[in-house]
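# missing the sequence, but the structure's below:
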């Protein structure tokens, strides 16, 4: 078991005082970031990334990934106590979480949410431990055509699984377009700078993320005029213990949600879709389905487990292939490049300490995270009670600081404001933003893979079917792309009666 | 989900109009990308695809997709007359957005610390009318922490203005 010994070596890397300290700081910061409106996984990590430039990469990724876990945990706090999903992946948690809090069972709801999250994450980390090295080893054989095909698959499955395929396409292509601004790395020519020398270095994805997710979110929160009137968070050892005794009953839900979550995380379906699917599946199979929405523990466990499993397993393709499965993973991938590491399958060969240190830290930090959130929930709930007139300007200032530190350029702060306004409009019109970030981060790499492929084939697209491997991936990608069309035809062909009953299962009959 | 308010409930723009405007804007972006990259060379050179090859096609896809969104909105979406933003809400948004723009201007003259302190103080006084003492403590305190963190701990220089220069930074 070569992998197991690597993993133990990883524990040795992760278990230094410094790195454990980084974990604790990361999780606490992550929960704070996740609880605050306007700050979330992607932009929280983006703002802090410049501070880690001088750190050792392993410690830096441990801290930043812990921020990510923290934000995943935090979603449950706001959903259950305040009926406000702090992150989009915790929307489904509000369905049953808030009713539970209203009945005075917030402690139970929180405990089961956190424990479910922990279970989902643990499942995903196990998967990463055993699957990621295999995927990476397999991917070592990949050449440019295979890589481009995998990128294609990633992007096509985004389009195919989204609700609004055309809006997803636009958002994604905007990302590619932004990535192309500046100097072309192959020919050295300037692209789309419109004679503006400041655009020479391009638009940094960190600035875009801070603008879209940070400033944009603040504007939306402001518009909705949220008043945080939450339920109190009574959580103590007795409640935790009693809830834990109930949880084994839901083992099947836990496992189902973990599997759904991992699948959605690896294919870039994302945590949000995973949480809804987890909730939907739990409801469908539960004997008490009619009680869902009125305060069922199962209705809290299912989406949280799936969301956390998805969020965690999104790191699998990022580590093994260099393709992030979520917006936050995309920012982390950008971090790798900043620290001078080349993402991709070679990471497992060349940066063993880094990879296995990170994987080992996932085990440890999820345990630490569970303990931290269980013991400190009231503290975090108190943060939400700080008036918005104080929180909002502080977050705007933090965003500006984050945007500036990327390149020490004031122009970037203007870009941040611009993308903030854009993010507000796009989000209100239901353009998905994650594809934009993903395309922006991967743009140059996807383009280079494409160009190298075209160079090799002298412009013949047939190279994407030149061997069984690349052919399968490409075909799969195209299938994903036209998936909405296939689903449409399928629904048309099916008898109307079947269709009716499927729809009626979701809602009460008129 | 929408809560109609008594005053200012009338829409500034409807969802439908906003959708159309954004789709047209996206189309324009696509056209700009195509034109710019066409001039750069979007074809095939002796040594492979030219610099504009990839972005030119990206621009084309944006154009096609925005036409599709436009068609969907115009012909296939019923309703859509509900408000994109109501008058009352647009006021809320501008109450944050305008100060943010002024803030970024201020950063260039005053440095980021003083500008941030003013931003926080402004919000606290305008929105919730905190006492001057509380306002001062929080706005200066937050920036003192920022200064300590960035300039002293992490040695990351942020934009500074006349006040910092006065203290010798």
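Right, received. Where do you want to start? As the structure is a prediction and not an experimental result, all values here were calculated from the model. Numbering: from 1, shown residues only, chains lettered A, B, ... in the order given.

# I figured residue A:62 hits residue A:23, correct?
Yes: under the criterion of CB atoms under 8 Å, residue A:62 makes contact with residue A:23 at 6.0 Å. From N, CA and C alone the C-beta is placed, and that goes for glycine too.

# domains in chain B, by residue range?
Per automatic domain parsing, the domain ranges recorded for chain B read B:11-81, B:88-166.

# does chain A sit close to the first one?
If I follow you right, that is domain B:11-81. Yes: applying CB under 8 Å from any CB of the partner chain, one finds domain B:11-81 in contact with chain A at B:15, B:18-19, B:22, B:26, B:29-30, B:33, B:36-37, B:40, B:44, B:47-55, B:58-59, B:61-62, B:65-66, B:68-69, B:72.

# residue ranges with poor pLDDT in the stretch 401-510 of chain A?
For the stretch 401-510 of chain A, applying pLDDT under 70 flags the ranges A:495-510.

# how about the residues of it by chain B?
So the stretch 401-510 of chain A meets chain B at A:401, A:404-405, A:408, A:410, A:413-414, A:417, A:420-421, A:424-426, A:428-429, A:431, A:447, A:450-451, A:454-455, A:459 (CB under 8 Å from any CB).

# picking that back up, okay, the domains of chain B in a markdown table with distance to residue A:320, mean pLDDT and mean neighbour count next?
Below are the domains of chain B laid out as a markdown table (distance: least, CB to CB, whole Å; pLDDT from 0 to 100; neighbours: other CB atoms under 10 Å in any protein chain shown):
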| stretch | distance to residue A:320 | mean pLDDT | mean neighbour count |
| --- | --- | --- | --- |
| domain B:11-81 | 25 | 85 | 18 |
| domain B:88-166 | 32 | 87 | 17 |
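
# quick check: next helix or strand after the helix or strand hosting residue B:97?
Element membership for residue B:97, per DSSP states H and E: helix B:87-110. Next along the chain after helix B:87-110, taking DSSP H and E as the criterion, comes helix B:112-128.

# just after that following helix, pick out the following helix or strand.
By DSSP H and E, the next helix or strand past helix B:112-128 is helix B:132-147.

# list the contacts of residue 73.
Here I'm looking at chain A. A:27, A:30, A:31, A:34, A:114, A:117, A:308, A:369, A:373 (CB atoms under 8 Å, 6 or more residues apart in numbering or on different chains).

# that's the wrong chain, I meant chain B
So residue B:73 contacts B:16, B:19, B:20, B:23, B:80 (CB under 8 Å, 6+ apart).

# roughly how far out does the helix or strand in which residue A:359 is found sit from the chain middle?
Using DSSP H and E, residue A:359 sits in helix A:352-384. Chain-centre distance of helix A:352-384: 16 Å, with CA atoms, centre = their mean, to the nearest Å.

# how about it, which residues are buried there?
For helix A:352-384, a neighbour-count test (16 or more other CB atoms under 10 Å in any protein chain shown) marks A:353-366, A:368-370, A:372-374, A:376-377, A:380-381, A:384 as buried.

# quick one on the thing from earlier: and the buried ones among the residues of the stretch 401-510 of chain A next to chain B, selectable in ChimeraX?
Buried residues within these, by 16+ other CB under 10 Å, are selected in ChimeraX with:
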select /A:401,404,405,413,414,417,420,421,424,425,426,428,429,431,447,450,451,454
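
# of the residues of the stretch 401-510 of chain A next to chain B, which belong to strands?
With DSSP state E as the criterion, strands contain none of these.

# and the residues of the stretch 401-510 of chain A next to chain B, which of them are in helices?
Among these, the members found in helices (DSSP state H) are A:401, A:404-405, A:410, A:413-414, A:417, A:420-421, A:424-426, A:428, A:447, A:450-451, A:454-455.

# contact partners for residue B:18?
Contacts of residue B:18 (CB under 8 Å, 6+ apart): A:425, A:428, A:429, B:84.

# hmm, back to that, who are the packing partners of the helix holding residue A:359?
For helix A:352-384, the helices and strands in contact under the criterion 3 or more CB pairs under 8 Å, 6 or more residues apart in numbering or on different chains; DSSP states H and E are helix A:2-14, helix A:17-35, helix A:57-82, helix A:106-139, helix A:315-321, helix A:347-350.
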